[in-house]
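A.B. asks: predicted model, plus sequence, below.
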2 protein chains.
Amino acid sequence: MKLSTKGRYGLRAMLEIALQHAKGPVPIHVIAEHQNLSSRYLEQLLIPLKQNGLVKSVRGSQGGYILGREADKITVGDIIRALEGPISPVDCVNELNPDECDRAEFCVTRRIWSKLRDSMNQVLDSYSLEDLKNEATDVP
Amino acid sequence: MKLSTKGRYGLRAMLEIALQHAKGPVPIHVIAEHQNLSSRYLEQLLIPLKQNGLVKSVRGSQGGYILGREADKITVGDIIRALEGPISPVDCVNELNPDECDRAEFCVTRRIWSKLRDSMNQVLDSYSLEDLKNEATDVP
DNA sequence: TTATACTCTAGTAAAACTATAGGGTATATG
DNA sequence: CATATACCCTATAGTTTTACTAGAGTATAA
């Protein structure tokens, strides 16, 4: 029940882009240096974020990444789902690609996993990048 | 953010033991056959469950496993924690064995992981084996 | 024209997961 | 007391996933 580094690094990268939004596109290497990550790895994390419309890329000199939409319209859940796929403790209650098993109808544990799934999504969707931005700038 | 088979199989095994509680100790091979699992693998899952007092073992002929305490005193969270360790989306908010990082003090994302951790534990602790037992016996 | 920065694809080492296997010990029963 | 039953302990092996690393290419501002 752990988040992978994809989700954690990706969220930190998104926050970095959000914080520097005013200054224009943020290049990968800047994020990587700030967050002490491999820029080559970060590069790969930005692909699904772009595909999901959470960031836009600007190529060429002075290029980099900008937010795909306003920070208050991007939730932590959006970011995690883009990077790690549907948030679900088991595949049989995965909404996108349910891996139904024979016993689904009688399965007593299934209901618990559904409830856990909903709760996880609810918590992660209750935070937007804007919220994180505000907290980050509050720090002295 | 997936549960491993340990957690899923373990919960099903515990439910099986709870359901057959009246008939005395339930041998591993019975659980394994009912749930279509490898009994050799199941054997390993029962070790941590026993260490955590969730089941007791009875050796010898007519032996098997019985619940370590009443079904309404065992939550799904107890079972998952016994099998998979502390329920936490990241190690830095793991209560038992916190893997604090340098940035913990300023870390904006940390608060979200705490809230997610609490929510996950709360959901899983809101179901007892007794609840599951009741649902299971309701099925025609 | 050139430096900057994104894009796409492939490969790889390490860790975690999911078992399988062998040899042992305790105990109820006949 | 012999024996079948069933738990107990440790080791290991195959597979998958994770977390990168690397090479070659493309677009664009200056």
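C.D. replies: Arrived safely, thanks for sending.

A.B. asks: quick one, strands of chain A?
C.D. replies: A:55-58, A:64-67 (DSSP state E).

A.B. asks: hmm, the first one touching DNA strand C?
C.D. replies: Yes - judged by CB under 7 Å from any atom of the strand, strand A:55-58 comes into contact with DNA strand C through A:57, A:58. C-betas here are computed from N, CA, C, even on glycine.

A.B. asks: quick check: the gap between the residue nearest to residue A:94 when sequence neighbours are not counted and DNA strand D.
C.D. replies: Of all residues not flanking residue A:94 in the chain, residue A:88 sits nearest, at 4.4 Å (CB to CB, 6 or more residues apart in numbering or on different chains). Using CB to the nearest atom of the strand, to the nearest Å, one gets 13 Å for the distance from residue A:88 to DNA strand D.

A.B. asks: count of residues packed around residue A:88?
C.D. replies: Residue A:88 has 25 neighbours, counted by other CB atoms under 10 Å in any protein chain shown.

A.B. asks: same deal with residue A:46?
C.D. replies: 20.

A.B. asks: just put the strands of chain A in a markdown table and tack on mean neighbour count and distance to residue B:55.
C.D. replies: Formatted as a markdown table, those follow (neighbours: other CB atoms under 10 Å in any protein chain shown; distance: least, CB to CB, whole Å):
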| stretch | mean neighbour count | distance to residue B:55 |
| --- | --- | --- |
| strand A:55-58 | 17 | 49 |
| strand A:64-67 | 20 | 51 |
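
A.B. asks: with mean pLDDT added, can I get these in a markdown table?
C.D. replies: Below are those laid out as a markdown table (pLDDT from 0 to 100):
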| stretch | mean pLDDT |
| --- | --- |
| strand A:55-58 | 98 |
| strand A:64-67 | 98 |
